[in-house]
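Undergrad: Task: produce atomic coordinates for the following.
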Amino acid sequence: MPFSLARAASSRVVRFGQSASLTGGQASYGKDVQNGIAAAFAAASASEGATGVRYELMTLDDGGERSRCLKNVLSLVDSGVTALIGLTSGAGAEACMPVVEDTQIAMLGTASGNMGIRSARASDAFHVRAGYDAEYRRMIAYAKDFGMQRVGVVYLGDTSKANLEAMTTALAAVGIEPKAAIAIDRNAASFDSVANELLAAKLDCTLFTANASPVAKIIDRMHQAKYPGLFYASSFAGQDLIDTLVAKRQSCVMSMVVPRPTAMGVGIVAHCQRDLALLNNGARLGITTLEGYRRGRAGCAQGRQPEPCAHEGIARRLAPGSRRLQGRVRRRHARLALCRPAGDRSLWEAGGVIATSALR
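TA: Residues are numbered from 1 along each chain as shown. This next block holds a predicted model:
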């Protein structure tokens, strides 16, 4: 079995590989996801020490670049990792799909709702969160509920066309045609021209599906220009956007994908905070570290199986009829989402989408 525990049977080490953006414009996001996974692995290794099972994470930096992510995945596969986990670039993960399919290594819990890795052809990608299609529908419904018709969309130019199609479909479903749709380079130094184009469109609502740095820069420029409309960012912006906007006392509604609250697992936030302390590296709790933690917990759940990352075993443990689990989609407008407990009765259960905002 190319991705079973047989790879590490002698030492009882279950070794996962990750390509993450540890530098560049997505560095905070990548480090948070990495810390969350590492915390879950550290806790599981400590609690299961008597059984001899140990979980290890090998992370390579891709700087948020698609080509570097592909290079890293090739290196990780060659190194003999049990599975891939928590890739932080949806575009990078999509570029890696031919390698993943060819080697039949499992790709678990990519930290993105990218629709390009959720097609029927992407049978080796297993998800622990809802896709952008579900998230975009909730974002659009929010704007529609408040009577907003002049909507603009800002998206990453290097991601799957399926993402833009999902957004366009969600808008069309409620009778909205975007007044502006702008592709951006996630690593660009300036976004003033983008902000100026959005301002010229006189929008009621600006929707973002991008990493935190460009979103924060565009919001800052439009805020200075006294933009009167609403900003709404997808979950990809992560904790970094919340921290940046709170520091500047600026506003943005933001969606987040979290586990469903259940009576069996309401302590996941407390567990994440506790286990982050095991890393002893100053990692702090936030929505992005929680995303990483959930992926780490999912990886540990697979590592306990006789054939931890064999496709057939994963498929059996997922909900009937679907590798891409759809969680209940919910929305809440609140100061912080982490004030609500969240659980993970099934670690292969996609979370619901909750909107929160950094309020002035």
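Undergrad: Helices along the stretch 151-300 of the chain, start to end?
TA: 161-173, 192-200, 212-224, 238-248, 268-276, 287-303 (DSSP state H, counting those that start in this stretch).
Undergrad: Any idea which of the ones you listed gets closest to Gln18?
TA: In terms of Cβ to Cβ, the element of these nearest to Gln18 is helix 287-303, at 9.1 Å. C-betas here are computed from N, CA, C, even on glycine.
Undergrad: How about the closest one, which residues are buried there?
TA: Within helix 287-303, the residues scored as buried using 16 or more other Cβ atoms under 10 Å are 287-303.
Undergrad: same question, stretch 111-128
TA: Neighbour count says stretch 111-128 has 111-118, 122, 124-128 buried, by 16+ other Cβ under 10 Å.
Undergrad: What is the lowest-pLDDT residue among those?
TA: Minimum pLDDT across these is recorded for Ala122, with 73.
Undergrad: Skipping its backbone neighbours, what lies nearest that one in space?
TA: Spatially, and ignoring its direct neighbours in sequence, Ala122 is nearest to Met97 (5.7 Å; Cβ to Cβ, 6 or more residues apart in numbering).
Undergrad: buried stuff in the helix or strand that contains the one you found?
TA: Assigned by DSSP states H and E, Met97 belongs to helix 90-103. By neighbour count with 16+ other Cβ under 10 Å, helix 90-103 contains the buried residues 90-97, 99-100, 103.
Undergrad: same deal with stretch 225-242?
TA: 227, 229-242.
Undergrad: what's the distance between Gly25 and Arg54?
TA: 34 Å (Cβ to Cβ, to the nearest Å).
Undergrad: hmm, I was thinking of Gly109
TA: In terms of Cβ to Cβ, Gly109 sits 20 Å off from Arg54.
Undergrad: out of the two, which sits in the more crowded spot?
TA: Neighbour count, other Cβ atoms under 10 Å: between Gly109 and Arg54, Gly109 has more, with 29 against 19.
Undergrad: looking at it, the more buried one is touching Ala301, isn't it?
TA: No: using Cβ atoms under 8 Å, Gly109 is not in contact with Ala301; the gap is 10.9 Å.
Undergrad: What confidence value was assigned to Thr159?
TA: As predicted, Thr159 sits at a pLDDT of 85.
Undergrad: pretty sure it contacts Ala91?
TA: Yes: Thr159 lies in contact with Ala91 (Cβ under 8 Å); the separation is 4.6 Å.
Undergrad: shared neighbours of these two, which are they?
TA: 114, 116 (Cβ atoms under 8 Å, 6 or more residues apart in numbering).
Undergrad: what packs against the helix holding Met97?
TA: If you count contacts as 3 or more Cβ pairs under 8 Å, 6 or more residues apart in numbering; DSSP states H and E, helix 90-103 packs onto helix 66-79, strand 107-108, strand 125-126.
Undergrad: confidence score at the residue nearest to Ala122?
TA: Taking Met97 on its own, its pLDDT is 94.
Undergrad: bridging residues for Tyr155?
TA: Ala183, Thr209 (DSSP bridges).
Undergrad: What is the burial count for it?
TA: 19.
Undergrad: cool, Arg284 as well?
TA: Using other Cβ under 10 Å: Arg284 sits among 10 other residues.
Undergrad: Verify the stated contact: it with Leu290.
TA: No: contact between Arg284 and Leu290 fails when scored by Cβ under 8 Å: they sit 11.0 Å apart.
Undergrad: picking that back up, wait, which of the helices and strands packed on helix 90-103 is closest to Tyr155?
TA: helix 66-79 (15.0 Å).
Undergrad: residues of the closest one that come out buried?
TA: Applying 16+ other Cβ under 10 Å to helix 66-79 flags 66, 68-73, 76-77 as buried.
Undergrad: what's the neighbour count on Ala46?
TA: With other Cβ under 10 Å as criterion, Ala46 counts 11.
Undergrad: so what's it up against?
TA: Ala46 neighbours (Cβ under 8 Å, 6+ apart): Leu278.
Undergrad: and the nearest residue to Gly286 once chain neighbours are set aside, what is it in contact with?
TA: Excluding its sequence neighbours, the residue lying closest to Gly286 (Cβ to Cβ, 6+ apart) is Gln239, at 3.5 Å. Gln239 makes contact with 28-29, 32, 286-289 under the criterion Cβ under 8 Å, 6+ apart.
Undergrad: Leu198: which of those residues is nearest?
TA: Tyr29 (22.9 Å).
Undergrad: No more questions from me, cheers.
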